[in-house]
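Let's see this in three dimensions:
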Amino acid sequence: MKYTLLLLITLFLSLSCSVQKSINQSEEKAIGIAQKTANPNVPYVYKKGFLNYNILETTVIQKNDTITLNELKFNAVSSAKYIKKAMYDKFGKWTKEIRQNNERHPILLWENVRLFEDQNKLFNVYANGNENWYEIYASVLVYDAEKNDCLKKGNTLRERIIDYFSKSIQNLNDKKDFFDVYSKSINEY
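As a prediction, this is how the structure comes out:
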């Protein structure tokens, strides 16, 4: 398994031969300001919050290798860009845009960022999200400098990372800088 992390994410996006299961789901204890929608599948979205979160474990099989990826999803957010905005506000513009299938909205990658002030540890953060008729969520995959999946069961930083991104959503600011840069980026694509 000597694939680069980018290849792992590419495999994740393709989901050609994959199995997904949700693990570690929080209780439906909504956080933020509820806003009614006209969508029966997502009757409420939460401004600066979410309905719940779960970690989606995806097993991707390609050739003879089996790779498991763990994606932290915050469900029923008011914007699928919440994690992207939180990352931009703290770390500036992303390092790379990943568009596996020419998607209009890419996965944004921040490489070698220090998430925790009390640690010198660096992380690679992949921010994603989706808004469709069936769901709306903001999501993130986090790997340390040694390419360890930080959301994998048993990782000592797992709960801290969940808390970090949960608080990042709750503490979003009202600055529009991210949306200007992001819109320009997707319009130029």
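
quick one: the helices in the protein?
5-14, 82-91, 158-170, 177-188 (DSSP state H).

Those: which one's closest to Asn39?
When these are compared by Cβ to Cβ, helix 82-91 sits nearest Asn39, at 17.8 Å. For glycine as for every other residue, the C-beta is placed from the backbone atoms N, C-alpha and C.

Report the angle between the closest one and helix 177-188.
Orientation of helix 82-91 against helix 177-188 (axes from the mean of the first three to the mean of the last three Cα atoms, to 10 degrees) gives an angle of 110 degrees.

Show me what helix 82-91 is in contact with.
Contacts to helix 82-91, defined as Cβ atoms under 8 Å, 6 or more residues apart in numbering, come from residues 74, 79, 94, 108, 110, 113, 125, 127-129, 138-140, 165, 168-169, 172-173, 175, 177-179, 181-182.

Can you point out the buried residues in it?
With burial defined by 16 or more other Cβ atoms under 10 Å, the residues of helix 82-91 counted as buried are 82-88, 91.

I'd like those residues laid out as JSON lines, including pLDDT and distance to Ile67.
Below are these laid out as JSON lines (pLDDT from 0 to 100; distance: Cβ to Cβ, whole Å):
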{"residue": "Tyr82", "pLDDT": "98", "distance to Ile67": "27"}
{"residue": "Ile83", "pLDDT": "98", "distance to Ile67": "22"}
{"residue": "Lys84", "pLDDT": "98", "distance to Ile67": "24"}
{"residue": "Lys85", "pLDDT": "98", "distance to Ile67": "29"}
{"residue": "Ala86", "pLDDT": "98", "distance to Ile67": "27"}
{"residue": "Met87", "pLDDT": "98", "distance to Ile67": "24"}
{"residue": "Tyr88", "pLDDT": "98", "distance to Ile67": "28"}
{"residue": "Phe91", "pLDDT": "98", "distance to Ile67": "26"}
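
just those now: which is nearest Asp65?
Checking the buried residues of helix 82-91 against Asp65 by Cβ to Cβ gives Ile83 as the nearest, at 28.0 Å.

quick one on the thing from earlier: I would like a ChimeraX command selecting only the buried ones among the contacts of helix 82-91, please.
Typed into ChimeraX, the line below selects the buried ones among the contacts of helix 82-91, using 16+ other Cβ under 10 Å:
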select :74,79,94,108,110,113,125,127,128,129,138,139,140,165,168,169,172,178,182
